[in-house]
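S.K.: need a structure here:
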Amino acid sequence: MRSHRPHHACQSGQPQLLTVDCTLRDGEQAAGVYFTVEEKVALARQLDRAGVSILDAGFPVVSPEERQALAMIASDSLRADVFATVRPDPEEIRLARDLGADGVFLFFPVSAMLRELVAPEEAPTFQERIRLAVRYGLQQGLEVMVVLEDAGRAGREAELDSIERLRREGVTTFIVAESVGALTPWAMQEKIAALGQAFPEVQLGIHCHNDYGLATANSLAAIQAGASVFTGTVNGLGERAGNAPLEEVIVAAGRLLGLRTDVRPEALADVCQLVEECSGMVNSPIKPVCGSNIFKCESGLHSKALLRKEGSYEAFSPELLGRQRRFVLGKHTGRECLKHLLEQRGIRLEPEQLDELLARVKSYQERHKDEGARRFVLKARQHYREDFGLPEDIIEWLAVEVVNGA
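M.R.: All right, here's what the predicted structure looks like:
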């Protein structure tokens, strides 16, 4: 198992940003999403090939299938380290160890709102339970990364207190979990900077949810402020509005912040497609980085500029992601793009013929409106509303089987 130390001050060539992928665990918590054991193994292999350093491979106490998947991934000779998510419970930590995990993400709430949900009889001893669980995990030879759940709604004192207590036990990595998207990027930047200043010897990580559409921005703000561990999910899959999309943060960290990352951008398209297929969650064509429209162009002005100078109307090149640029026909098509598409097919027209063809192309959709798109949207809407996940009635059928001992 590698030692995961801060990378912002690393030697040349080493990654400055360490990536933890949570698709197999937090991504699967999206309502209605379920990965089979075989799918989890396939996803783990694809993520490993992409360069992800740590896989959050599951929450072992959830089900036998979760344990089976974790054991198979841990024994698969991957380059990435395989972690399990656990509560501050020695039994859960022991289970993770027995299944072959390299380390654990030990999580507990730090906000007053979630701490109130701890049973009153447990509250006085909860901090001691956390401390003993951390100590036990380290004694078992596991790397323990502490996840400060709901840190976005916690006061700074709660975070400072948790880090101070647990770093004495040997924890070197603390992940600030923005569990419900409660912060702006500016507040996030201030929080991470303050924690880094208070504890320069520890490694800080960031885990953001996307309730306000700020997960990518909050993750980048935290990284710029000093967080050297990023946790996210492919396609932003996750509870409610999802998590920080791994592909977006990786590309932005490299292109906008100038950081070296462990994940190879050219490998992202394949893993995004595989997660889309396994999850059943179809990406929007305009989804950043992995959307099918990202490198498509119909606009006459934009296509003209792109034909004359690559990158003129693109934030980054398709080659960065192993993809290709495409020009498509529609009512916004321009003369230069039409001429280019014709030449690709070995067709040359006179200027007046080109004008006539352009007019026909522009009016074609008006005369041949395809209702297939509307039908697709309505069908998808119905599927996500009614068929995604198990039907509610199944609880009655299964309850009857349980009562009858079937």
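S.K.: contacts and neighbour counts: CA atoms only from here.
M.R.: Fine.
S.K.: and Phe174, which of the three is it?
M.R.: With DSSP: H, G, I helix; E, B strand; the rest coil as the basis, Phe174 sits in strand.
S.K.: Bridge partners for it, pull those for me.
M.R.: Under DSSP bridges, the beta-bridge partners of Phe174 are Val146, Leu204.
S.K.: give the contact list for it.
M.R.: With Cα atoms under 8 Å, 6 or more residues apart in numbering as the criterion, the residues that contact Phe174 are Met145, Val146, Val147, Leu148, Ile163, Val202, Gln203, Leu204, Gly205.
S.K.: where does this protein have its least confident helix or strand?
M.R.: Here the helix or strand of the chain ranked lowest by mean pLDDT, DSSP states H and E is helix 112-115, holding a mean of 73.
S.K.: Show me what counts as buried in it.
M.R.: Within helix 112-115, the residues that count as buried by 16 or more other Cα atoms under 10 Å are Arg115.
S.K.: go on, stretch 295-311?
M.R.: Under the neighbour-count criterion of 16+ other Cα under 10 Å, stretch 295-311 has Phe295, Lys296, Cys297, Glu298, Ser299, Gly300, Leu301, His302, Ser303, Lys304, Ala305, Leu306 buried.
S.K.: Give me the spatial nearest neighbour of Tyr34, chain neighbours excluded.
M.R.: Closest residue in space to Tyr34, ignoring its immediate chain neighbours: Glu28 at 5.8 Å, by Cα to Cα, 6 or more residues apart in numbering.
S.K.: Quick check: pLDDT value at the one you found.
M.R.: Model confidence at Glu28, given as pLDDT, is 96.
S.K.: just the one 3 residues further on next, same as before
M.R.: According to the per-residue confidence, Ala31 scores 92 in pLDDT.
S.K.: Give me the nearest residue to Ala253, chain neighbours excluded.
M.R.: Nearest non-adjacent residue to Ala253, counting by Cα to Cα, 6+ apart: Leu259, 5.7 Å away.
S.K.: For that neighbour, give its distance to Leu148.
M.R.: 25 Å (Cα to Cα, to the nearest Å).
S.K.: Which one's more surrounded, those two?
M.R.: Leu148 (27 against 18; other Cα atoms under 10 Å).
S.K.: ok but the more buried one is inside a strand, no?
M.R.: Yes - using three-state DSSP, the assignment for Leu148 is a strand.
S.K.: Who are the contact partners of it?
M.R.: By Cα under 8 Å, 6+ apart, the residues touching Leu148 are Phe107, Phe108, Pro109, Val110, Glu159, Phe174, Ile175, Val176, Ala177.
S.K.: Looking at the residues you listed, which one is closest to Leu47?
M.R.: Set against Leu47, the nearest of the contacts of Leu148 by Cα to Cα is Ile175 (20.7 Å).
S.K.: so the closest one touches His207, yeah?
M.R.: Yes - Ile175 lies in contact with His207 (Cα atoms under 8 Å); the separation is 6.7 Å.
S.K.: Please say which of those two ends up with more neighbours.
M.R.: His207 (28 against 24).
S.K.: That one contacts Thr233, correct?
M.R.: No - using Cα under 8 Å, His207 is not in contact with Thr233, being 9.8 Å away.
S.K.: residues shared between the contacts of these two?
M.R.: Taking Cα under 8 Å, 6+ apart as the contact rule, His207 and Thr233 both touch Asn243, Ala244.
S.K.: Output the below-cut-off pLDDT ranges for the stretch 151-300 of the chain.
M.R.: For the stretch 151-300 of the chain, no stretch has pLDDT under 70.
S.K.: Would you state the helices of the stretch 251-400 of the chain in chain order?
M.R.: Assigned by DSSP state H, counting those that start in this stretch, the helices in the stretch 251-400 of the chain fall at 268-279, 300-308, 335-344, 351-367, 372-382, 394-403.
S.K.: what's the offset of the shortest one from the middle of its chain?
M.R.: The chain centroid and the centroid of helix 300-308 are separated by 33 Å, computed with Cα atoms, centre = their mean, to the nearest Å.
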